[in-house]
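Undergrad: Here is the input, now give the coordinates:
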Amino acid sequence: MSISKQWTITIMSALLFSMSATTLQADEEWPAEPPSEPPAHWGPVGINFEEIPYPYPVHFLELNRFGVDMRMAYMDVPPSGRGNGQTVLWQHGMNFYAEAYAPTIKALTDAGFRVLAVDRIGYGKSSKPVIPYNFNFVAANMKSLLDELGIDEVAIVGHSMGGMVVSRFAMLYPDITTHVVLVNQIGLTDQRQSRPWNDPFAGSPGVTSYRSILAGHQRYFPKDWPPAHLEFVRRQWGQTLSGDYPNYAIVRRLQGQMLYDDPVVYDWQHIDSKALILSGEEDGLAANFVELAHHVNSELQNSTILLYPGIGHAPQIEIPDQFHTDLISFLRSDPNEPASQWK
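TA: Sure, this is the predicted structure:
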C-alpha cells in the first residue's frame, strides 16, 4: 500500500486524555438526567477531535475531490480471534462518527468479522471541506477505501444517516455488496415534495445551542436516558466553542442540505443485495416510522424486516445484546439465500 496515499496514526488514549483538562474520564460518574445547562468545566473540543481518543488505530486515506485535498479517517479492525473471512463496512449517523459505535465494532470483531469504521468527510477526525456534499461523493469515497485496501467483497451497515449512505452504495456497487443492513435509517421520504429549497449559504449559520443539541439526542431514546450518552452531547457542544466552528457550521449546514437535495428513496428498488431493516419501532425522528420502514422493505428486491417494540432510534445503545445477536446472525447468513428465510 502506498505511504503517499495512506497516513497512519496510532492514538494513545492516555496521552490524548492528558492533552485536555476538559476531557471527561472513562470512569466519570454521569448524572442520571442531563443538566439543563452545560456544566462549567466543559470546554472547547476541536472540530477534528484531536483530543478524543479512538479505541483502535486511526488511519487516513488521502483524497482529492472537487479539486480539494482531504483526508478520510477510518479504523480497520481485525477479528479479535479466528476470522470468518467477512468484512463489514460500518456507516455512522449525522450526529456521530466511527468511535461512537465502539461497542458494536467490538461485538463484530469478537464474532470474527473484520470491521472498517469510517469517519465520513466532514465528520469526526476527517477533513471538513466546504464542498457540494452528495451521496455519490460519499459512496465513491467508500469504494476508494475498499480499493486501497484490496477488498472486493463487503457487507455494509448504516445507522440513521448512514442508512442513506449504504442505500446509495448498494445501488452503485452491487457486485461487491453481499449484505445491506439499515438501522433506523433517516431520509425515508423525498423532502422536496413537502418543503421548499433553501440556500445553504444564505445568512449566517449561527451557533447551535446546548439545549438544541441535547434535545436532538434525547429524541433518540423514547424511555430512559442513558447517562453515559451525555459525553456525545459534551463533544458536540464543545465543538461550538472551537475557534474553527464558523467553518464547521457551514459544513454541517451543507451536510443537512444533502438530505434534501439528494434523496435515496428511488435507490431501494434497484438494490438486489440481501437486505435487512433492523430498527427500533419508536423512532422519534419520524412520526410514522413503522409505516415508512415497511415501505422501504417493500421497495427492496430481497429484504426482510425486524422491528423492536418500545425501542427508539438507537437500538445498538438501548438493547445492545439483542441487537448485536440479530445483526451478527444476519451478516453470517448466506448472501445467495432469500432474506425472507433468514429468521
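Undergrad: Secondary structure of Met94: a helix, I assume?
TA: No: counting by DSSP: H, G, I helix; E, B strand; the rest coil, Met94 is not part of a helix but coil.
Undergrad: Please tell me the pLDDT value assigned to it.
TA: On the pLDDT scale, Met94 is placed at 96.
Undergrad: tell me the contacts of it?
TA: Taking Cβ atoms under 8 Å, 6 or more residues apart in numbering, we find Met94 in contact with Ser160, Met161, Ile186, Gln255, Gly256, Leu259. C-beta: built from backbone N, CA, C; applies to glycine.
Undergrad: Quick check: it vs Pro132, distance?
TA: The gap separating Met94 from Pro132 is 17 Å, by Cβ to Cβ, to the nearest Å.
Undergrad: Surely Pro44 and Trp237 touch.
TA: No: with contacts counted by Cβ atoms under 8 Å, Pro44 stays clear of Trp237, the gap being 9.6 Å.
Undergrad: Tell me which of those two has more neighbours.
TA: Neighbours were tallied for Pro44 and for Trp237 using other Cβ atoms under 10 Å; the higher tally belongs to Trp237 (23 against 17).
Undergrad: Check which helices and strands the helix or strand containing that one is in contact with.
TA: In this structure, Trp237 sits in helix 230-240 according to DSSP states H and E. Applying 3 or more Cβ pairs under 8 Å, 6 or more residues apart in numbering; DSSP states H and E, one finds that helix 230-240 contacts helix 210-218, helix 245-261.
Undergrad: Now with 7 Å, please.
TA: helix 210-218 (3 or more Cβ pairs under 7 Å, 6 or more residues apart in numbering; DSSP states H and E).
Undergrad: For the helix it packs on, give me every contacting residue.
TA: Helix 210-218 has contacts (Cβ atoms under 7 Å, 6 or more residues apart in numbering) with Pro34, Glu37, Pro38, Asn95, Trp225, His229, Phe232, Val233, Gln236, Trp237.
Undergrad: What residues are bridge-paired with Ser279?
TA: Leu307 (DSSP bridges).
Undergrad: check contacts around it.
TA: The neighbours of Ser279, taking Cβ under 7 Å, 6+ apart as the test, are Val183, Asn184, Ala293, Leu307, Pro315.
Undergrad: make it 6 Å
TA: Asn184, Ala293, Leu307 (Cβ atoms under 6 Å, 6 or more residues apart in numbering).
Undergrad: what does Leu306 give?
TA: Leu278.
Undergrad: what's the spacing between it and Leu182?
TA: Using Cβ to Cβ, Leu306 is found at 11 Å from Leu182.
Undergrad: Buried residues of stretch 41-49, list them for me.
TA: Across stretch 41-49, burial judged by 16 or more other Cβ atoms under 10 Å covers Trp42, Gly43, Pro44, Val45, Gly46, Ile47, Asn48, Phe49.
Undergrad: And it, how far out from the chain middle?
TA: Centroid displacement of stretch 41-49 relative to its chain, using Cα atoms, centre = their mean, to the nearest Å, is 20 Å.
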